[in-house]
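Output the structure for:
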Amino acid sequence: MKEIRIGLIGTPNSGKSTIFNKLTGTYQIVGNWPGKTVETVERAVKFKDRTFLLIDFPGTQTLTPTSMEEEIAREYMIENRPDVIIQVASAIDLERSIYLSLELIELGVPIVIALNQFDEAIKQGFEINVGKLSEILGVPVIPTVAIKGEGVNKLVEKAFDLAHSKSKGNIIITYEDIMPQINNIMGIIKEFLPDRYPLEWFALELFEEDSWVTKRIAELDAEKRLKDFLEKEKASIEKSIGMHPSLLIVNKRRSIAKRIANEVIKIKPASRSKFIETLDSLSTSSYGYPLLAIVMVTVFVATLGLGLLVRDMISYLFFELSSYFAFSLTNSLLSAILSGVQLSLLVGLSFIIPVVFLFHFFFSLLEDSGYLPRAAFLIDKAMRKIGLNGKAFIPLLLGYGCSVPACVSCRILEGDKPRFVTAVMISLIPCASRMIIIYGLIAVYIGIITALAIYLFNLFIVLLIGTIVGRSVDLRCESTGLIMVLPPYRVPLIKNALRKTWSRAKDFVYLAMPIIIIGTIFLKILEIAGIMGHLNTLFDPLFVGMFGLPGYVLSFLLFGAIRKEFALVFLMTTLNGNPLSYLSPIQIIVFTLITLFYIPCVATTVTLIRELRLRKTLMIIGINLLIAIIIGFSASVILPLFG
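Model (predicted):
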């Protein structure tokens, strides 16, 4: 029996990824902004006694693409058409979702609508006649509350029924003002158009001047015959109606979507928390900027403060257990290996894991609460001063967790210049790994105030370099900016936040810890062999002369190129867990600053090569190195003046 292929599509913030998670048992990071998903994701799903392939499309506002993620969704849907589409519609933003429903019906795809966030709609006073909506569109409509799993099983069962019946929506959208011209175009293209492309939909997209459809026409070698005739028909429409056909088509769909929404929705007065109303007003007004600063500082201080507390507890337990199981080895090599394993475990468990988990946990709480989209709304103006639009904030925001998905999400930006400038800024953003370095060296050994100052300095450098690079490439903000629906504020579920935290932080446990243990043993062996001493002698003139640092720190920086936090780990393990015995506070600050800004980690570099190609990646690496050298040298000269 042929495997059923079910597509999952919806507008951003509709709960699409939450339904994907419920069905697959895997964990797609759920976000409240457009561009979070920029690729299709396929998973085999076992549902009761049946198996099907679930395809998660990027968040999509319309099938006439205005962004790369929408292009990906539409092209995949046409060229690899699923048997049925589950459209996740937001019950609190129904009109926009109905617009997408109309486009899917025009495309001729069997769809079932998941009317998600149904509980939130009720809270806001929306009374939706689900049966009437289903009758008007001619497709099944299932109310769901994805975050609780309500209605999801019924949704899949209905999708299975639809996949076998091949039933499609029965609402007919008539463009009576331009129907003769549409028929004329259909008469020409039906001669050469492959069956997989719906005839009327293809003609409509030609009038909407869709770039992908135009490209298909060129590939079919029909452009010459069609182009002049199409321009003639467009001119005829503009002359008789006084409106471009693309605008007429969009307005027609919008008016139908609005009419349907008005028919099926009744709005009742709903009581809303005064606190939520005040918070919503504050977070999107000019007062939102100091609020954003307070939120960022709070997350930073809470992460580091709790991290120090957890570190002390873990260190105490570790040393108690180590003394209990202590034994001596006469072989210096075996003793070095044991010491390396102990130190790497101590540093990993007490310095790194607490910060990684705490940072991602607080970030997840902010994400699920609905605050981060409001932060994106605020930062739109700042992005425009650099020459970027509000969409650029999405990759930058993702960069606080990890630079790799942030670089991938640069695809949502239009044009090579905005992508390049945003990628440069991402390479400098204080991600979780940089946070670990600030915590492990500065907060622990210098103080939280100094750590906060370095964190804010890092952010200042990101904005400064973004502005300089933006002006150097003549970057101008020309696009429409960030378009999204702000989700309602919600109380985040701790369970979901913990799942997100584990999903984002588990790589450190599974991948980084083994590398740390092996690398530490390797460095201990080098130390016994005297190679570390030779490194010190070889690179002392360079590092002492430029940065006032001993030559052996080069080995830590080399490991830090693999993952940023490795620079901290191997410094700690090589210096026996007490850097202040070997380095002065000023040297620790200088080393931290260099580590923050020098070359991106290997994973980020590989991603940059894939997304921007080698030449631009080398430029970004060069910019990072130059910044690290200038800041490291300046700090080594200026800081001693202040004692």
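
Show the pLDDT at the closest residue to F377 other than its chain neighbours.
Leaving out its chain neighbours, the residue that sits closest to F377 by C-beta to C-beta, 6 or more residues apart in numbering is T284, at 5.9 Å. For every residue, glycine as well, the C-beta is placed using N, CA and C. Note for T284: predicted pLDDT of 82.

what's the domain layout of the protein?
4-165, 176-267, 288-642 (automatic domain parsing).

How far away from the center of its chain is the helix or strand of the chain with the lowest mean pLDDT?
Ranked by mean pLDDT, DSSP states H and E, the weakest helix or strand in the chain is helix 332-347, scoring a mean of 74. Distance of helix 332-347 from the chain centroid (C-alpha atoms, centre = their mean, to the nearest Å) equals 38 Å.

tell me which residues of that helix are tucked away?
A336, I337, L338, S339, G340, V341, Q342, L343, S344, L345, L346, V347 (16 or more other C-beta atoms under 10 Å).

Show me what it packs onto, helices and strands only.
Contacts defined by 3 or more C-beta pairs under 8 Å, 6 or more residues apart in numbering; DSSP states H and E place helix 332-347 against helix 288-324, helix 513-529, helix 564-574.

Make JSON lines from the buried residues of helix 332-347 and add distance to I528 to it.
Shown next, in JSON lines, are the buried residues of helix 332-347 (distance: C-beta to C-beta, whole Å):
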{"residue": "A336", "distance to I528": "5"}
{"residue": "I337", "distance to I528": "10"}
{"residue": "L338", "distance to I528": "13"}
{"residue": "S339", "distance to I528": "10"}
{"residue": "G340", "distance to I528": "10"}
{"residue": "V341", "distance to I528": "15"}
{"residue": "Q342", "distance to I528": "16"}
{"residue": "L343", "distance to I528": "14"}
{"residue": "S344", "distance to I528": "16"}
{"residue": "L345", "distance to I528": "20"}
{"residue": "L346", "distance to I528": "20"}
{"residue": "V347", "distance to I528": "20"}
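
and M243, helix, strand or coil?
coil (DSSP: H, G, I helix; E, B strand; the rest coil).

mind checking pLDDT for it?
For M243, pLDDT reads 85.

burial of it, as a residue count?
Under the neighbour criterion other C-beta atoms under 10 Å, M243 is assigned a count of 14.

how far away is it from N251?
Distance of M243 to N251, given as C-beta to C-beta, to the nearest Å: 8 Å.

Contact partners for the residue nearest to D177 when sequence neighbours are not counted?
Counting by C-beta to C-beta, 6+ apart, I241 is the residue found nearest to D177 once chain neighbours are left out, at 5.8 Å. Shown in contact with I241 (C-beta atoms under 8 Å, 6 or more residues apart in numbering): D177, I178, L248.

quick one: which of those residues is nearest to I620?
L248 (44.6 Å; C-beta to C-beta).

Can I get the helices and strands packed on helix 332-347 in a markdown table including distance to L639, mean neighbour count and mean pLDDT?
What follows is those, written out as a markdown table (distance: least, C-beta to C-beta, whole Å; neighbours: other C-beta atoms under 10 Å; pLDDT from 0 to 100):
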| stretch | distance to L639 | mean neighbour count | mean pLDDT |
| --- | --- | --- | --- |
| helix 288-324 | 21 | 15 | 83 |
| helix 513-529 | 28 | 18 | 77 |
| helix 564-574 | 19 | 27 | 85 |
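
Phi and psi next, for E209.
E209 adopts backbone torsions of phi 60, psi 40, taken as degrees, to the nearest 10.

Tell me who's in contact with it.
With contact taken as C-beta under 8 Å, 6+ apart, E209 is in contact with S246.

per-residue pLDDT, V637?
On the pLDDT scale, V637 gets 93.

Just to be sure, it is in a helix?
Yes. V637: assigned to a helix according to three-state DSSP.

P430 in helix, strand or coil?
Three-state call for P430 (three-state DSSP): coil.

My guess is it contacts Y400. True?
Yes. Using C-beta atoms under 8 Å, P430 is in contact with Y400, at 7.2 Å.

Can you get me a residue count around the residue nearest to F377?
T284 has 16 nearby residues by other C-beta under 10 Å.

Contact partners for it?
Contacts of T284 by C-beta under 8 Å, 6+ apart are R374, F377, L378, L486.

Counting neighbours, what do you get for the spatially closest residue to the last one that is not a sequence neighbour?
The shortest distance from L486 to any residue that is not its chain neighbour, by C-beta to C-beta, 6+ apart, is 5.4 Å, and that residue is P373. The local packing count at P373 equals 25, with neighbours defined by other C-beta under 10 Å.

what helix or strand does P373 sit in?
P373 is part of helix 371-386 when elements are defined by DSSP states H and E.

Would you mind putting the CA coordinates of that helix into PDB?
Extracted C-alpha coordinates of helix 371-386, given in PDB (Å, rounded to 0.1, in the frame of the first residue of the first chain):
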ATOM      1  CA  TYR A 371       7.400  38.600  24.600                       C
ATOM      2  CA  LEU A 372      10.100  37.900  22.000                       C
ATOM      3  CA  PRO A 373       7.900  38.900  19.000                       C
ATOM      4  CA  ARG A 374       7.300  42.300  20.700                       C
ATOM      5  CA  ALA A 375      11.100  42.700  21.100                       C
ATOM      6  CA  ALA A 376      11.400  42.000  17.400                       C
ATOM      7  CA  PHE A 377       8.800  44.700  16.800                       C
ATOM      8  CA  LEU A 378      10.800  47.200  18.900                       C
ATOM      9  CA  ILE A 379      14.100  46.500  17.300                       C
ATOM     10  CA  ASP A 380      12.800  47.100  13.800                       C
ATOM     11  CA  LYS A 381      13.600  50.800  14.000                       C
ATOM     12  CA  ALA A 382      17.200  50.100  15.200                       C
ATOM     13  CA  MET A 383      17.700  47.600  12.400                       C
ATOM     14  CA  ARG A 384      16.600  50.200   9.900                       C
ATOM     15  CA  LYS A 385      19.300  52.600  11.100                       C
ATOM     16  CA  ILE A 386      21.900  50.000  10.300                       C
END
